[in-house]
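**Student:** Build me a model:
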Amino acid sequence: MYKLSVYDYFSAAHRLRGYEGPCSNVHGHNWKVRVTFQTGKLDPLGMAIDFKELKVKLSEILKELDHTFLNELVIFKDTNPTSENIAKYIYDSLSESFKDSAISLLEVEVQESEKVSVVYSND
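**Tutor:** Below you'll find the model as predicted:
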């Protein structure tokens with residue numbers, strides 16, 4: 001089995017509704033994102049997929065989040081824009097792009113600071 005990862009980042013503001021503490025105030029993060037795919041197949045060149053294709057798809061999704069107030073986005077109107085929910089949103093969006101591909105999305109890691117991150121997979 002081969003596992004392929006690509007990395008990107010986005011910057012955005014959010015606030016956690018219903019949270020008692022400083023994160024209930026509007027604040028921002030520079031989120032780092034790692035997505036990992038898996039496959040057992042390689043093409044005749046010995047590649048699972050061109051990394052460029054993975055990076056383009058991830059970039060398209062992160063553009064929707066970058067430099068926004070996440071709470072105002074439709075996807076987070078009724079859901080807190082926590083790192084956990086952001087990771088799931090990226091996972092769901094990205095896996096849809098590769099549903100008919102020889103590779104499958106294994107997991108998405110969202111790091112909101114140098115000290116904390118969350119990993120989402122559909123296990």
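**Student:** Excluding chain neighbours, give the residue nearest to the residue nearest the centre of the chain in space.
**Tutor:** Nearest residue to the geometric centre of the chain (Cα atoms, centre = their mean): I90, 3.7 Å. Once flanking residues are discounted, I90 sits nearest to V108: 4.9 Å by Cβ to Cβ, 6 or more residues apart in numbering. Every C-beta, even on glycine, is put in place using the N, C-alpha and C of the backbone.
**Student:** Who does the one you found form a beta bridge with?
**Tutor:** Here V108 sits in beta bridges with V35, Y120, as judged by DSSP bridges.
**Student:** Looks like it contacts S95 (just checking).
**Tutor:** No. In this structure V108 lies outside contact range of S95 using Cβ atoms under 8 Å: 9.1 Å.
**Student:** quick one on the thing from earlier: can you tell me which residues contact the residue nearest to I90?
**Tutor:** V33, R34, V35, T36, A87, K88, I90, Y91, L94, V119, Y120, S121 (Cβ atoms under 8 Å, 6 or more residues apart in numbering).
**Student:** Mind giving me the ChimeraX command for buried ones among those residues?
**Tutor:** A single ChimeraX command selects the buried members of those (16 or more other Cβ atoms under 10 Å):
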select :33,34,35,36,87,88,90,91,94,120
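**Student:** which among the contacts of V108 gets closest to V6?
**Tutor:** Ranked by distance to V6 (Cβ to Cβ), the contacts of V108 are led by V35 at 5.9 Å.
**Student:** Now for the residue nearest to the centre of the chain, which secondary structure element holds it?
**Tutor:** helix 83-97 (DSSP states H and E).
**Student:** Dump that helix to PDB, restricted to CA.
**Tutor:** Output of helix 83-97 as PDB, limited to C-alpha atoms (Å, rounded to 0.1, in the frame of the first residue of the first chain):
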ATOM      1  CA  SER A  83     -10.600  22.300  13.800                       C
ATOM      2  CA  GLU A  84     -12.400  19.000  14.000                       C
ATOM      3  CA  ASN A  85     -15.300  20.300  11.800                       C
ATOM      4  CA  ILE A  86     -12.900  22.000   9.400                       C
ATOM      5  CA  ALA A  87     -11.000  18.700   9.000                       C
ATOM      6  CA  LYS A  88     -14.200  16.800   8.300                       C
ATOM      7  CA  TYR A  89     -15.400  19.400   5.800                       C
ATOM      8  CA  ILE A  90     -12.100  19.200   3.900                       C
ATOM      9  CA  TYR A  91     -12.200  15.400   4.000                       C
ATOM     10  CA  ASP A  92     -15.800  15.200   2.700                       C
ATOM     11  CA  SER A  93     -15.100  17.800  -0.100                       C
ATOM     12  CA  LEU A  94     -11.800  16.200  -1.200                       C
ATOM     13  CA  SER A  95     -13.000  12.600  -1.100                       C
ATOM     14  CA  GLU A  96     -15.900  13.600  -3.400                       C
ATOM     15  CA  SER A  97     -13.300  14.800  -5.900                       C
END
